[in-house]
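# heads up, no residue letters with this:
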Ligand code: DQA
């Protein structure tokens, strides 16, 4: 089984960025713990601060068993990423580390939520683990 995690802008700074909101663990070390927890799953990881690169990677990952997508700020702005999700058959789970609904109003809208298969929001980095569980249990 292959699961693809795609992280959007500024998520490369996890661990040092707004730690009161996103915590102090960097994504690489969290990813290592996910890989050892799910050693039977191939976990592919991509992060970019560039919208078009995220779109390219979504298209490239269409044969995964599932994509876990945290498009970060692009969640609230990107018709292009929403169209990319719509254009593939692969299951896509939208995740957010923070509870976007308890934050500024502009974070309450997601262009992705209407086109993904499921949404996991506000469980810290564990949002990614819950998304993996949801893909595995569905297979
Ligand atoms: C985020 C929430 C977004 O509103 C924000 O722009 C991010 C991270 C989250 O995981 O909580 O960069 O997607």
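Cool, the structure landed. The structure displayed is predicted, hence computed values, not measured ones.

# Enumerate the residues of the chain near the ligand.
Residues of the chain found near the ligand (Cβ under 6 Å from any ligand atom) are 10, 70, 72-73, 75, 96-98, 100, 107. Any C-beta I mention is one placed from the backbone N, CA and C, and that applies to glycine too.

# Just send those back as CSV, with secondary structure, neighbour count and pLDDT too.
Listed next are these as CSV, based on DSSP: H, G, I helix; E, B strand; the rest coil; neighbours: other Cβ atoms under 10 Å; pLDDT from 0 to 100:
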residue, secondary structure, neighbour count, pLDDT
10, coil, 14, 98
70, strand, 23, 98
72, helix, 17, 98
73, helix, 15, 98
75, helix, 22, 98
96, strand, 21, 98
97, coil, 23, 98
98, coil, 18, 98
100, helix, 18, 98
107, helix, 16, 98
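
# Now those residues in CSV, please, with extra columns for distance to residue 50.
What follows is the residues of the chain next to the ligand, written out as CSV (distance: Cβ to Cβ, whole Å):
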residue, distance to residue 50
10, 12
70, 15
72, 12
73, 12
75, 15
96, 20
97, 20
98, 22
100, 22
107, 21
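
# And the helices in the protein, which stretches?
Remark: helices assigned in the chain by DSSP state H are 19-22, 27-37, 51-60, 79-86, 126-138.

# Adding mean neighbour count and mean pLDDT, write those out as JSON lines.
Shown next, in JSON lines, are the helices of the chain (neighbours: other Cβ atoms under 10 Å; pLDDT from 0 to 100):
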{"stretch": "helix 19-22", "mean neighbour count": "12", "mean pLDDT": "97"}
{"stretch": "helix 27-37", "mean neighbour count": "14", "mean pLDDT": "97"}
{"stretch": "helix 51-60", "mean neighbour count": "17", "mean pLDDT": "98"}
{"stretch": "helix 79-86", "mean neighbour count": "17", "mean pLDDT": "98"}
{"stretch": "helix 126-138", "mean neighbour count": "17", "mean pLDDT": "96"}
